[in-house]
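# Predicted model, plus sequence, below.
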Amino acid sequence: MGLDFSIIPKHLDIILLGCAWTIGITVVAAIISFFGGIVFAVIALYAPWIIRQPFRLVAWVFMGTPLLLQLFLIYFGLVQIGVDLPAFVAGVIGLGLHFAVYNSELIQTAILSVDKGQMEAARTVGLSRGQALRKVVIPQAVRAVIPPIGNNMIALLKDSALVSVIGVSELTLSAQRVIGKTYRPFEFYILAAAFYYVINLCMEWVQRKIERRISLSR
Amino acid sequence: MDIDLMLKVYPFFLEAAGLTILLSILTAILGLFCGILGVAARLSRFAFIRFLGAAYVSVFRGTPALIQLFILYFGGPQIGIQLDAFEAGVIGLGINAGAYMTETIRGAIISIDKGQREAARTLGLSSWQAMYKIILPQAARLMVRPLGVNLNMLIKATALVAAISVIELTYTAQRYIGSTYKPFEMFLLAGVLYMIIIYVVGRGVAWLDRKVQIT
C-alpha cells in the first residue's frame, strides 16, 4: 500500500477538532502544573514534618515512574474509590499533577536561593510569614525559573499525547479514529506530528518572547 | 491493600522488568549512536549537513515520542518497513533519545573554551586532532551527568511501548489493572521496580561522574 496524502482534506475536520482539544488540555494542565508547583514547593519546604516527609516521598515516586503508569493509576484508581471522572478530567489532572511535581522542584530551589534579607526585610515592615512568602519571596523565585518552567510546559504538550491511551479524544486519538476508518496510519500520524510540531514551535516562540522580557526588566 | 494478590502476580512483573531493562539498554546504545551522529552533523563544515542535524533535533524533540513510535510501527509497513513491536520500540525510542543526547553532547563540546582549540591548532594539530585529543576528552567529563538525566528520561519513556503492546512493565501493570481492578497495588509493584532501576542507574552515573572528574 503506497502513500496517498490526497485523502487528508476529507478528514481534516476531525483532526482539527482533536488539535483544539490538545491545545485545551495543554493549557488547563499547564495552569494546574504552574500553581500546583508553587503550592507543592511551599508544602515541601515549609509544612510540618509529618506532612512534609510523606509529601516528599510521593513527589519522589512521581518523578521516578513513567507518566503513562501514573495516568493508569489515576484513571482506574479514581474509578475504584467510586469517583467516576470523565477520561478528559482524569487526563488533565494526571498531566497537571505530574508536571506540578517537576515545577515544584524548580521552584523549591528558586525559593531557597532568594536572598534571606528579602524575608527579613518583609518581616521587619510588618508582614506575616505567609504574607512575606506570598508577596515578596515567591514572586521573585517564580520569575527566576520561568525559562525552565517553559521547557516543562513544552514537554507537557508532547506528553499530552499519552492521555489518548486512557481514551481522551485529543489529537493522537483523533488521528487513530480516522486511521480506523481509512487504514492510512502513515499519512495521518505524520499529519498529527506536523500539528504537534507547529504548536511546539509556537510555544517556543512565546517562550523566547517572555524570556527576553524578563531579561530586559532585570 | 491486597498483599496476597501482589505476591501472586509479582513474578510476572519481575519478568516484565527484565524486558524494560533490555529495552532501556538497547535504546540507550542506539540513542548514543544517533546522538554522536547528530553532533557530528551539527558541528559539520557543510551548511547542508548542519541543517540536517538541526532538523533532526528539532523535529524529534518537537513531536511526541508516542506519535513517532506509531508512525514507525503502524505507518512503517506502508513505506516498506516491517518491524515487530519490540524492534519498532527500540528503534523509535532510540532515534528519539538520540535527538536529546545530540543537544547534551553538543552543549558539553561548545562549553569548552575556544582558546583550547586555537592553542591546539597553533601547535600544529589538525582540526580533527584538536577535536579528538584536546576538546572531546575535556567535554566527555562534562557530559556524564546530563547524559545521566537523558538516561533517566529514556527509562521512563520505555513505558510508551506499552501502547504498541510490548509486554514490558507498564503494559503488564495495565493488563493486571484491567483484569483485577486493583490499580493501586499494580501501580505499587510496577512503580517500585521502575524506581529500583532508576535508582541503580542513578548511582552508576554518579559513580562514573566522580570517576572522571579531575580532583
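Yes, it's here.

# what's the closest non-adjacent residue to B:G62?
What sits nearest to B:G62 in space, not counting adjacent residues and going by C-beta to C-beta, 6 or more residues apart in numbering or on different chains, is A:N200, at 4.2 Å. No exception for glycine: its C-beta is placed from N, CA and C like everyone else's.

# now the helices for chain B?
Counting by DSSP state H, chain B has these helices, from start to end: B:3-42, B:47-62, B:65-70, B:85-110, B:114-122, B:127-129, B:136-157, B:169-180, B:183-212.

# Tell me which of the ones you listed lies nearest to A:H98.
helix B:136-157 (10.7 Å; C-beta to C-beta).

# What about contact with chain A: does that closest one have any residue there?
Yes: applying C-beta under 8 Å from any C-beta of the partner chain, one finds helix B:136-157 touching chain A at B:K156, B:A157.

# Remind me what that helix packs against, helices and strands.
helix B:3-42, helix B:85-110, helix B:183-212 (3 or more C-beta pairs under 8 Å, 6 or more residues apart in numbering or on different chains; DSSP states H and E).

# Tell me which other helices or strands the second one touches.
Read that as helix B:85-110. helix B:3-42, helix B:47-62, helix B:65-70, helix B:136-157.

# Which helix in chain A has the most residues?
Ranked by residue count, the top helix of chain A under DSSP H comes out as helix A:8-46.

# continuing past that one, what's the next helix or strand?
Later in the chain than helix A:8-46, the nearest helix or strand by DSSP states H and E is helix A:49-64.

# buried stuff in that next one?
Within helix A:49-64, the residues that qualify as buried are A:A59, A:V61, A:F62, A:M63, A:G64, counting by 16 or more other C-beta atoms under 10 Å in any protein chain shown.

# Need the pLDDT of the residue lying closest to the fourth one once chain neighbours are set aside.
Think A:M63. Nearest residue to A:M63, sequence neighbours excluded (C-beta to C-beta, 6+ apart): A:V101, at 5.9 Å. You'll see A:V101 listed with a pLDDT of 95.

# which one of the buried residues of helix A:49-64 is nearest B:A139?
For the buried residues of helix A:49-64, the nearest to B:A139 is A:M63 (27.7 Å; C-beta to C-beta).

# could you dump the buried residues of helix A:49-64 to TSV with pLDDT and distance to A:G37?
Shown next, in TSV, are the buried residues of helix A:49-64 (pLDDT from 0 to 100; distance: C-beta to C-beta, whole Å):
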residue	pLDDT	distance to A:G37
A:A59	92	11
A:V61	90	17
A:F62	90	12
A:M63	91	13
A:G64	91	18
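
# quick revisit: isn't the residue nearest to A:M63 right up against A:R56?
No: here A:V101 lies out of contact with A:R56, judged by C-beta atoms under 8 Å, at a distance of 10.3 Å.

# any idea how far stretch A:88-104 is from the chain center?
Distance, stretch centre to chain centre, for stretch A:88-104: 6 Å (C-alpha atoms, centre = their mean, to the nearest Å).

# likewise stretch B:115-135?
Its chain's C-alpha centre and that of stretch B:115-135 lie 30 Å apart, by C-alpha atoms, centre = their mean.

# What ranges in the chain fall below the confidence cut-off?
Chain wasn't specified; assuming chain A. Scanning chain A for pLDDT under 70 picks out A:1, A:217-218.

# wrong one, I was asking about chain B
Filtered on pLDDT under 70, chain B yields the residue ranges B:215.

# Apply 90 and report the result again.
Residues of chain B meeting the criterion pLDDT under 90: B:1-10, B:44-45, B:76-81, B:110-118, B:124-135, B:137, B:165, B:174, B:177-188, B:212-215.

# Spell out which parts of it neighbour chain A.
Counting by C-beta under 8 Å from any C-beta, the residues of chain B near chain A are B:59, B:62-68, B:70-71, B:74-79, B:156-160, B:162-163, B:169-170, B:173-174, B:177, B:181-184, B:187, B:190-191, B:194-195, B:198-199.

# Quick one: buried ones out of these?
Taking 16+ other C-beta under 10 Å as the criterion, what is buried in those is B:62-68, B:70-71, B:74-76, B:78, B:156-160, B:162-163, B:169-170, B:173-174, B:177, B:182-184, B:187, B:190-191, B:194-195, B:198.
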